[in-house]
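Student: sequence and predicted structure, then a few things I'm wondering about:
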Amino acid sequence: MTAYSAFARNQWYVAAWSKEVGRELLGRTILGEPIAFYRTEAGEPVALADRCVHRRYPLSASGLDGDRVVCGYHGFTYDTTGTCVFVPGQKRVPRTARVSSYPVAEVDGMVWVWVGDPEGADTGAIPRAPHLVADDFVTVEGMEPIDADFMLLVDNLMDLSHETYLHGGYIGTPEVAETPIATEVDEESGVVRVSRHMKDAECPPFYARSTGIEGRIERRQDIEYHAPCLYLLHSTISPSGQETPAFRTEITYAITPSSPGKVYDFWAVSRNFATEDEEVTTFLRDFNHTVVMQDVDALNLLQRTLDTEPEGYQELSINIDTGGLAARRILTKLAAG
Ligand code: FES
Ligand SMILES: [Fe+2]
């Protein structure tokens, strides 16, 4: 059995899209910790350990009474800090009756959680994805759980040459794999940039059908990965020969390790064109979901292959892996530090 990559604990991770957190409890396992999320009546997100201190019933399967969580098993009641304020059948609430609460922050339409040492939870360090909530963009989004080490998803997203093969006929064309990349690594801030600028390339259905462009295109992919969680792909296209980008699409991923060998794949596609066109919105949602599922299936398969590999197997890397290898180096360092 292959060892799974270590988690970087003292970091912010996306736990949910904002719209997923409401007045019903939501259970997610983040870095191995089961957490229950909800929103107070005033709209503030709350994150509590998803295990009642009494007999460990999951609070995510429980209910709310105002801003308090009432355990669905015997009614232990917790406030937003995780302190138990009521137990059934007696006046005195035991001093140790509490569950952990986690720092949470809502930024750019995502609920972020910090499972590490709460001292370090500086919301100013959360990387931004302003297009997700910008007025001039329309966004479609989703989340798929994958039974694979989170590093496999990082690898997958850092090297888009796989679009040609895994997503051929969707977003991949021959030019993606053919065009060399430029990689920039900022070890200090943990940001990896990978760019690929394609000249006079085939227009894949994803862009042909959303923009209406019929001929060949200038296509730019500029990846900006903020380790460990946020991945932005700035994608611009224009008709061949036109240097100024005509259509801008922002592809966002959040890579959140759930438990060893499991990862949440949050994805979003934002566009600043045809924003009123419902058909384009539906098309991009369905089409991108299909593309994401192609990756999900591939990574599930890949993990199964990894799990059966002999000790000491030597992986082979080439130029296209430069960004992925840089990301791995940074993630290993973050996990150690
Ligand atoms: S398990 Fe929650 S009150 Fe008993
Ligand atoms: Fe992919």
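Tutor: On my side now, so go ahead. Ligands and ions are numbered 1, 2, ... in the order given.

Student: just give the nearest non-adjacent residue to the single nearest residue of the stretch 101-250 of the chain relative to ligand 1, would you?
Tutor: In the stretch 101-250 of the chain, the residue that lies nearest ligand 1 is Ser101 (16.4 Å; C-beta to the nearest ligand atom). All C-beta spots, glycine's among them, are computed from the backbone N, C-alpha and C. Sequence neighbours aside, Gly82 is the residue nearest to Ser101 in space, at 4.0 Å (criterion: C-beta to C-beta, 6 or more residues apart in numbering).

Student: and the one you found, what does it touch?
Tutor: Taking C-beta atoms under 8 Å, 6 or more residues apart in numbering as the contact definition, Gly82 lies against 48-49, 98-101.

Student: ok, those vs Asn288, which is closest?
Tutor: Leu48 (32.6 Å; C-beta to C-beta).

Student: list the contacts for the closest one?
Tutor: Under the criterion of C-beta under 8 Å, 6+ apart, the neighbours of Leu48 are 35-36, 59, 69, 78, 80, 82, 99-102.

Student: let's see 7 Å
Tutor: Contact criterion C-beta atoms under 7 Å, 6 or more residues apart in numbering gives 36, 59, 69, 78, 82, 99, 101 as the residues in contact with Leu48.

Student: how about the helices in the stretch 101-250 of the chain?
Tutor: Under the criterion DSSP state H, counting those that start in this stretch, helices of the stretch 101-250 of the chain are mapped to 150-158, 162-166, 174-178, 205-211.

Student: what residues does the stretch 51-200 of the chain have near ligand 1?
Tutor: 52, 54-55, 57, 71, 73-76 (C-beta under 6 Å from any ligand atom).

Student: just the contacts of Gly82: which are in strands?
Tutor: With DSSP state E as the criterion, strands contain 48-49 from among the contacts of Gly82.

Student: please spell out which residues along stretch 328-337 are buried.
Tutor: Buried residues in stretch 328-337, counting neighbours by 16 or more other C-beta atoms under 10 Å, are found at 328, 330-331, 334.

Student: distance to Asp136 added to these, as JSON lines?
Tutor: Output for the buried residues of stretch 328-337, formatted as JSON lines (distance: C-beta to C-beta, whole Å):
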{"residue": "Arg328", "distance to Asp136": "36"}
{"residue": "Ile330", "distance to Asp136": "32"}
{"residue": "Leu331", "distance to Asp136": "33"}
{"residue": "Leu334", "distance to Asp136": "34"}
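
Student: and ligand 1, which of those contact it?
Tutor: Applying C-beta under 6 Å from any ligand atom, the subset of the buried residues of stretch 328-337 adjacent to ligand 1 is empty.

Student: in a markdown table, list those along with pLDDT and secondary structure.
Tutor: Shown next, in a markdown table, are the buried residues of stretch 328-337 (pLDDT from 0 to 100; DSSP: H, G, I helix; E, B strand; the rest coil):
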| residue | pLDDT | secondary structure |
| --- | --- | --- |
| Arg328 | 96 | helix |
| Ile330 | 97 | helix |
| Leu331 | 97 | helix |
| Leu334 | 97 | helix |
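
Student: so Cys229 versus Thr249, what's the distance?
Tutor: The gap separating Cys229 from Thr249 is 21 Å, by C-beta to C-beta, to the nearest Å.

Student: what's the answer for Thr211, then?
Tutor: Thr211 sits 9 Å away from Thr249, taking C-beta to C-beta as the criterion.

Student: of the buried residues of stretch 328-337, closest to ligand 1?
Tutor: For ligand 1, the nearest member of the buried residues of stretch 328-337 is Leu334. The distance, counting by C-beta to the nearest ligand atom, is 35.3 Å.

Student: look up the closest residue to that closest one, ignoring the ones flanking it.
Tutor: Ala8 (3.6 Å).

Student: what does His289 give?
Tutor: Once flanking residues are discounted, His289 sits nearest to Gly142: 5.9 Å by C-beta to C-beta, 6+ apart.

Student: from memory the one you found sits against Trp267, does it?
Tutor: Yes. Judged on C-beta atoms under 7 Å, Gly142 makes contact with Trp267 at a distance of 5.8 Å.

Student: Asp135: neighbour count?
Tutor: 6 (other C-beta atoms under 10 Å).

Student: and for Ser195?
Tutor: By the other C-beta under 10 Å criterion, the neighbourhood of Ser195 contains 16 residues.

Student: what count of nearby residues applies to Pro34?
Tutor: Burial of Pro34 is recorded as 17 neighbouring residues (other C-beta under 10 Å).

Student: quick one: pLDDT of Ala3?
Tutor: pLDDT, the model's per-residue confidence, is 74 for Ala3.

Student: sticking with it, tell me its helix or strand.
Tutor: Secondary-structure assignment from DSSP states H and E places Ala3 in no helical or strand segment.

Student: what about it, distance to ligand 1?
Tutor: 34 Å (C-beta to the nearest ligand atom, to the nearest Å).

Student: next, count neighbours for that residue.
Tutor: 7.

Student: and if you look at Met151?
Tutor: Applying the criterion other C-beta under 10 Å, we find 20 residues in the vicinity of Met151.

Student: host element of the closest residue to it other than its chain neighbours?
Tutor: In this structure, Met151 finds its nearest non-sequential neighbour in Ser5, 4.3 Å apart by C-beta to C-beta, 6+ apart. Ser5 is located outside every helix and strand, with elements delineated by DSSP H and E.

Student: no further questions, thank you.
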